[in-house]
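Student: using only what follows, build the 3D model:
(chains A and B)
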Amino acid sequence: MNKVRVRFAPSPTGPLHIGGVRTALYNYLFARKHGGDMILRIEDTDQTRFVPGAEAYIIEAFAWLGIKFDEGVHIGGPCAPYRQSDRKPMYREYADRLIADGWAYYAFDTPEDLDAKRKEYEAEKKTFQYDASTRGMMCNSLTLPDMEVQQRLNGGTPYVIRFKFPANTEIRVDDLIRGEVTVNSDLLDDKVLFKSDGMPTYHLANIVDDHTMEISHVIRGEEWLPSAPLHVMLYKAFGWESTMPQFAHLPLLLKPDGNGKLSKRDGDRLGFPVFPLQWADPATKEVSSGYRESGYFPEAVVNMLALLGWNPGIDQELFNIDELVELFSLDRISKSGAKFDLKKAHWFNHEYLIAKSDEELAKLFAEILQEKGLSADFGYIIEVCGLVKDRVNFVSEMWGQASFFFVAPQSYDEEVMKKRWKENTPDIMRDVKSILNGLTDFSEQNIHDALHAYSEEKGLGLGQIMIPLRIALVGGTYGPDLQVIAHMLGKNEVLNRIDKILTK
RNA sequence: GGUCCGUUCAUCUAAGGGUUAGGAUUCAAGAUUUUCAUUCUUGCCAUAGGGGUUCGAAUCCCCUACGGACUACCA
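Tutor: Model prediction:
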């Protein structure tokens, strides 16, 4: 087998969609698994859809995710340039070659002509297709006398170059995921390969680039399956059949609710990111959320994405990227589309969060504290993180679980107060205050022993003591062990907080 | 409309003709926790429908239904 070389080839028309990220990930895993190369190529043949910043966004997104390329626009390589607009001069000769060999022809039909034709057909409830059955009545180098064609070409009349599909031919695409797909050429239209603006279309540029870059496997989304026969025919037309890459068309990522392909709007509508990084549309200023900014760990996103449409066939679900590389294989990719599951995405992030060290989390949490204008001993923050990490899915949720470690509660959960703050509670709290005040060593053990002794002495249920005390210290009935909290806050703070709730 | 692809619990999926159809997430219950969460245990929940082939079908074939993609001088 030749060396594995795969590419991810996005269009810089906006932020990278999470489905595209998955496609890139599968390419990456496949390349690593087989010791091959992973290439980042930018397909910007449509100048009208170019969005500034999109290319940089794509590169930054992969850097964040830890998906590394061996060659590409950002790092160069033996097949440079890797941006199709920079490769523009080389495509023309390939189009000419196709024409010379009778695989393509010039077409002079204007967009208006084509539009009119389509309308005409539509009126008869038919669909117009530029193909073997209709090209004879259109304005092209097949119907015009050679001289006129030359005149038009020389005179600067706009034209496109179309692929000339042979009539009634079965075209077979061998897909690594779907098996054999056969289509009759009569169903395909004479696709434009070269546009009137001098740029190739995706189809031409793609095949030329994949060939010259010696791509061995084309792993891309299922939306490309319908044009795969054209691509196969192009390889044939160029005489590159023997080195044609193998195809693998990935199932689509679907909306979590209802049906259809996951789209940009779904994210905002359903509250989850569709993009790896936050993106502000330069034209509309509209901001779309990103996984990074939402607090997802890149490893969690990679793990989750890897399992959306592929699985290793074992019960394990948590894998780091090296394990994924080790286990990955194209034949375990499923054929049907996968719906994004927000809850499971949260779970993945939770698993990666609790696997992190308290210190790592403390670094992240310290940033949040800083934003709130709070500071604390780093050792203390580490301890807090250790206490609350298994209760959250995101670092950003830690504040909600741990604010009382840094500031006294500003309010008390009313519902809990109503239920738990009884008539005799103030008296109990006063007792508790003086008991705690009497402790010289404010250790967890001492606090525990003192409160238990008090409970027995007075014949009070622990709940009557501990829950009000918890409300005083925390603000509600949640949080880690109360003795631990009290110890960490320190005697003065504990006494102050009891005072505060008593005088409220 | 046409072409192509697809269809196992709510969701991601396992089971490459023979299992009580397995796991994970979600949800629910119980245990633990003086709180909340964690954790543990348990439970609920699926082969789209109909025909074949076969001793035997989630698995192979056909039809139907449903879903999706594509159908641009966009990728």
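Student: for the rest of this, base every contact and every neighbour count on C-alpha atoms.
Tutor: Noted.
Student: going along the chain, name the strands of the stretch 201-350 of chain A.
Tutor: A:217-221, A:246-250, A:253-254, A:279-280, A:287-288, A:338-339 (DSSP state E, counting those that start in this stretch).
Student: ok, which of these comes nearest RNA strand B?
Tutor: The closest of the strands of the stretch 201-350 of chain A to RNA strand B is strand A:338-339. By C-alpha to the nearest atom of the strand, the value is 3.7 Å.
Student: that older thread, let's have the strands of the stretch 201-350 of chain A in JSON lines, adding distance to residue A:354, mean pLDDT and mean neighbour count.
Tutor: Formatted as JSON lines, the strands of the stretch 201-350 of chain A follow (distance: least, C-alpha to C-alpha, whole Å; pLDDT from 0 to 100; neighbours: other C-alpha atoms under 10 Å):
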{"stretch": "strand A:217-221", "distance to residue A:354": "33", "mean pLDDT": "97", "mean neighbour count": "21"}
{"stretch": "strand A:246-250", "distance to residue A:354": "32", "mean pLDDT": "97", "mean neighbour count": "22"}
{"stretch": "strand A:253-254", "distance to residue A:354": "28", "mean pLDDT": "89", "mean neighbour count": "22"}
{"stretch": "strand A:279-280", "distance to residue A:354": "28", "mean pLDDT": "94", "mean neighbour count": "17"}
{"stretch": "strand A:287-288", "distance to residue A:354": "28", "mean pLDDT": "92", "mean neighbour count": "16"}
{"stretch": "strand A:338-339", "distance to residue A:354": "26", "mean pLDDT": "92", "mean neighbour count": "19"}
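Student: and the closest residue to residue A:9 other than its chain neighbours, what does it touch?
Tutor: The shortest distance from residue A:9 to any residue other than its chain neighbours is 4.7 Å, reached at residue A:41 (C-alpha to C-alpha, 6 or more residues apart in numbering). Taking C-alpha atoms under 8 Å, 6 or more residues apart in numbering as the contact definition, residue A:41 lies against A:7-10, A:72-73, A:82-84.
Student: RNA strand B next: which of those are close?
Tutor: A:9-10 (C-alpha under 7 Å from any atom of the strand).
Student: just to revisit the earlier point, quick check: the residue nearest to residue A:9 vs residue A:32, distance?
Tutor: 18 Å (C-alpha to C-alpha, to the nearest Å).
Student: next one: residue A:408
Tutor: 52 Å.
Student: start and end of stretch A:281-294, how far apart?
Tutor: End to end - C-alpha to C-alpha - stretch A:281-294 spans 18 Å.
Student: list the buried residues of that stretch.
Tutor: Across stretch A:281-294, burial judged by 16 or more other C-alpha atoms under 10 Å covers A:281, A:288-292, A:294.
Student: element containing the nearest residue to residue A:450 once chain neighbours are set aside?
Tutor: Distances taken as C-alpha to C-alpha, 6+ apart place residue A:435 nearest to residue A:450, at 7.1 Å, with adjacent residues excluded. Under the criterion of DSSP states H and E, residue A:435 resides in helix A:425-437.
Student: could you do residue A:148 as well?
Tutor: helix A:146-155.
Student: got the residues of the stretch 401-504 of chain A near RNA strand B?
Tutor: A:462-467, A:477-483.
Student: just the buried ones from those residues?
Tutor: Buried among those (16+ other C-alpha under 10 Å): A:464-467, A:477, A:479-480, A:482-483.
Student: JSON lines for these, including secondary structure?
Tutor: Formatted as JSON lines, those follow (DSSP: H, G, I helix; E, B strand; the rest coil):
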{"residue": "A:464", "secondary structure": "helix"}
{"residue": "A:465", "secondary structure": "helix"}
{"residue": "A:466", "secondary structure": "helix"}
{"residue": "A:467", "secondary structure": "helix"}
{"residue": "A:477", "secondary structure": "coil"}
{"residue": "A:479", "secondary structure": "coil"}
{"residue": "A:480", "secondary structure": "coil"}
{"residue": "A:482", "secondary structure": "helix"}
{"residue": "A:483", "secondary structure": "helix"}
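Student: and the helix or strand bottoming out on mean pLDDT in chain A, C-alpha only, in PDB?
Tutor: The least trusted helix or strand in chain A, going by mean pLDDT, DSSP states H and E, turns out to be helix A:264-270, with a mean of 78. This file holds the C-alpha atoms of helix A:264-270, laid out as PDB (Å, rounded to 0.1, in the frame of the first residue of the first chain):
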ATOM      1  CA  LYS A 264     -25.600  27.000  12.800                       C
ATOM      2  CA  ARG A 265     -29.000  28.100  14.000                       C
ATOM      3  CA  ASP A 266     -29.600  24.900  16.000                       C
ATOM      4  CA  GLY A 267     -26.800  25.800  18.300                       C
ATOM      5  CA  ASP A 268     -28.300  29.100  19.400                       C
ATOM      6  CA  ARG A 269     -31.800  27.600  19.400                       C
ATOM      7  CA  LEU A 270     -31.000  24.600  21.600                       C
END
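Student: let me know whether that helix sits next to RNA strand B.
Tutor: No. Interface with RNA strand B: helix A:264-270 contributes nothing (C-alpha under 7 Å from any atom of the strand), its closest point being 12.2 Å away.
Student: same question for stretch A:166-180.
Tutor: Yes. Stretch A:166-180 is in contact with RNA strand B by C-alpha under 7 Å from any atom of the strand, via A:178-180.
Student: can I get the buried part of the residues you listed as one PyMOL selection?
Tutor: Burial among the residues of stretch A:166-180 next to RNA strand B is assessed by 16+ other C-alpha under 10 Å; the matching PyMOL selection reads:
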select buried, chain A and resi 178
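Student: gap between the residue nearest the centre of chain A and residue A:130?
Tutor: Taking C-alpha atoms, centre = their mean, the centroid of chain A lies closest to residue A:18, which sits 2.8 Å from it. In this view, residue A:18 and residue A:130 are 34 Å apart by C-alpha to C-alpha.
Student: what does residue A:387 give?
Tutor: Applying C-alpha to C-alpha to residue A:387 and residue A:130 gives a distance of 67 Å.
Student: quick one, what contacts the residue of the stretch 101-250 of chain A found nearest RNA strand B?
Tutor: Nearest residue of the stretch 101-250 of chain A to RNA strand B: residue A:223, at 3.0 Å (C-alpha to the nearest atom of the strand). Contacts for residue A:223 (C-alpha under 8 Å, 6+ apart) come out as residue A:252.
Student: count of neighbours near the spatially closest residue to residue A:184 that is not a sequence neighbour?
Tutor: In this structure, residue A:184 finds its nearest non-sequential neighbour in residue A:170, 4.4 Å apart by C-alpha to C-alpha, 6+ apart. When neighbours are defined as other C-alpha atoms under 10 Å, residue A:170 has 13 of them.
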